[in-house]
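Asks: give the three-dimensional model of this entry:
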Amino acid sequence: MWSQFVPAFLATRHDDPPLTARTVFRESLPVVGVLLFWSVLSWPTIPGVDDVLRTAGLVMVAFYVVVRGVGLSRRVSAPVLSDLAVVLRENVRAALPAAGWFVAAHLVAVLESLWQGLGLPGLFTSPRGALVRLFALTGVATVGLYAVAVGTAALRGGLREE
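Replies: Residues are numbered from 1 along each chain as shown. Now for the predicted structure:
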C-alpha cells in the first residue's frame, strides 16, 4: 500500500527489502502504549515523582527501541551511503512512519483549541500537554527504531558504496 504513494527514487538498490514505513509504524505501537502506561502512572503522584515515572517510561522505550531495532536489522540490508541523495532517502524512510505521531501531537493541540473555543465543559486539568508529549516522543522513538535497525544492519554488513 505505501509503495503506491512513495516516489520511485525511494526504492533501494540491493537485494534485501528496505524497512518499510508500514513495518516501522506497526513496531512503534508498543512505544505509544508504554509511554501511555507510564504517563498514566504519573498522574496521581506528587510533583517530582511524576517526572521520574515518565522518565522510567522513556527508559523502557529506549530499551524496546534498541532491542527491537536490532531484531529488525536482520531483515534489512545495509544502506548505500555513498551520496547525499541516498542519505536523504534514508531520512525520508524514517520520517514517513514517524509523521503520523507528529501529526497526532498537532491534532491534540488543535482539538483542544476548538473545544476551548466552543466553551464546552472539560476536564479540570487538560491532558493536552501529556498527550502532545506522548505522541511527539513516540515520533522520536519511531525514528530511533528505524535508525537502530538500519544502523545495525550497516554495522553488520559494512557500509556499502555504489
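
Asks: from the contact counts, what lies against the helix or strand bottoming out on mean pLDDT in the chain?
Replies: Ranked by mean pLDDT, DSSP states H and E, the weakest helix or strand in the chain is helix 84-118, scoring a mean of 84. Here helix 84-118 touches helix 21-42, helix 128-157, going by 3 or more C-beta pairs under 8 Å, 6 or more residues apart in numbering; DSSP states H and E. Using the backbone N, CA and C atoms, a C-beta is placed for each residue, glycine as well.

Asks: any idea which of these gets closest to V108?
Replies: Closest to V108 of the helices and strands packed on helix 84-118, according to C-beta to C-beta: helix 128-157, at 4.5 Å.

Asks: so that closest one versus helix 84-118, what angle?
Replies: Here helix 128-157 runs at an angle of 170 degrees relative to helix 84-118 (axes from the mean of the first three to the mean of the last three C-alpha atoms, to 10 degrees).

Asks: which parts of helix 128-157 are buried?
Replies: 128, 130-132, 134-146, 148-154 (16 or more other C-beta atoms under 10 Å).

Asks: cool, thanks, signing off.
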